[in-house]
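sharing a model that was predicted from the sequence below.
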Amino acid sequence: MTTTASDGDRAPRVFVSYSWDSKGHTDWVLQVATRLRTNGVDVVLDRWDTELGSDLSLFMERAADTEYRVVAICTARYVAKADAAEGGVGYERKMITPSLMADLHSNRVVPVLRDNGDGTLPRFLGAAKYVDFRDQPYSEKEYYELLHELHGLQPTPKPRLGRNPFAAISSEDWGGALRHDPARYVEPALVETVTFNYDNNNGCYVIGAGDRSFTVRFSSAGYGSIHVYSDPSDIKSIALARGVTGPEQVGDASSYDASSRHRTARVGDAVILRNVNDHWAAVFINKVDNRDTGPTGEPQVTFNYVIPPVPSPEFGIDNCA
């Protein structure tokens, strides 16, 4: 599979397998397929790629072509037809199964759950990992996961392999090398709570991973306050959201003033970050201690954060789930 889709020749090719359950369902499939094509996926769909008098069996045999991924829209009726080898769905199953048997590690078929409440998949797909579109409307997070998969990307990127921390230093220095390793100050989750001694690592703490990675740089600003900067190379802008304590209060992140290099946030405020990949993060300041006020005598900031999986400034419930 290609990882980019800058033109039609390089776009990932996808065959959509589904059952004609109802007009509402076929219209829903058409809408999803249209959105995928708009987002660079070369979708093959019967409603576009067949005409009156077309040989439907030849069309469905494209499902056997290993140049295509197959998106299987799994409704209860689709599962029943696939398992009973009935109709067009049964024929497509017959086309797909040999390629799956030839490579038991294949991920060529991507199941998308539609309205089968218990999440049952057709038997020929086994226990394949699926995308869940059962919500009405479907979750933007799940759509983003599907789009990443079809473009050959990972929704949760694997970090690059670092160097061996024990190489080229004596055994006496191993403990110090690990204590001062910047990798200690990384949290790859999209939603988490962190307590950080901002005297360490030049005040920098990395949240998220891959294209959703943000280096948050802090410094002391007095009792109950903290400075946050846009200096790190992966940060495009920062803004302050006063009195915002949760993602449901953020709204449109692009509406906050991002014209300054740094912002001073108090406990109960949020800092809105935009990175160089045009992803957004909201960092909610819960507690700030300095040497005089902290129970340990260390300067610490406790914050929770949310990184929407989609590159959108809208911090709605779907985007932040």
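Looks like it came in fine. Numbering: from 1, shown residues only.

in the stretch 51-200 of the chain, where is pLDDT below threshold?
51-66, 86-106, 155, 165-180 (pLDDT under 70).

give me that answer again for 90
Under the criterion pLDDT under 90, the flagged ranges of the stretch 51-200 of the chain are 51-70, 72, 74-111, 115-131, 135-145, 147-149, 151-184, 189-191.

and if you look at the stretch 201-321 of the chain?
In the stretch 201-321 of the chain, residues with pLDDT under 90: 210-211, 222-223, 248, 290-298, 308-312, 314-321.

where do the helices sit along this protein?
Using DSSP state H, the helices found in the chain span residues 23-38, 46-49, 56-60, 76-84, 87-102, 140-150, 174-179.

who does the longest strand seen in the chain touch, helix- and strand-wise?
Ranked by residue count under DSSP state E, the longest strand found in the chain is strand 280-289. Other elements packing on strand 280-289 under the criterion 3 or more C-beta pairs under 8 Å, 6 or more residues apart in numbering; DSSP states H and E are strand 225-229, strand 262-266, strand 270-275, strand 300-306. C-betas here are computed from N, CA, C, even on glycine.

residues contacting stretch 228-236, please?
Counting by C-beta atoms under 8 Å, 6 or more residues apart in numbering, stretch 228-236 makes contact with 204, 213-219, 237-238, 260-265, 271, 273-276, 278, 283, all of which sit outside it.

filter these down to the buried ones, PyMOL style.
Buried residues among the contacts of stretch 228-236 (16 or more other C-beta atoms under 10 Å), as a PyMOL selection:
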select buried, resi 204+213+214+215+216+217+218+237+238+263+265+271+273+274+275+283
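
okay, now residue 208: neighbour count?
27 (other C-beta atoms under 10 Å).

let me see the contact set for it.
So residue 208 contacts 187, 188, 189, 190, 214, 279, 281, 307 (C-beta under 8 Å, 6+ apart).

the last one contacts residue 279, doesn't it?
Read it as residue 307. Yes: in terms of C-beta atoms under 8 Å, residue 307 counts as a neighbour of residue 279; the distance is 6.7 Å.

strands along the stretch 151-300 of the chain, start to end?
186-187, 191-197, 204-207, 214-220, 225-229, 235-241, 262-266, 270-275, 280-289, 300-306 (DSSP state E, counting those that start in this stretch).

just the C-alphas of the last one, formatted as CSV.
Pointing back at strand 300-306 there. Only the C-alpha atoms of strand 300-306 are listed here, as CSV (Å, rounded to 0.1, in the frame of the first residue of the first chain):
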residue,chain,number,x,y,z
GLN,A,300,6.0,21.1,39.8
VAL,A,301,3.1,21.6,37.5
THR,A,302,0.2,19.2,37.3
PHE,A,303,-1.9,19.3,34.1
ASN,A,304,-4.2,17.1,32.1
TYR,A,305,-4.4,17.4,28.3
VAL,A,306,-6.5,16.4,25.4
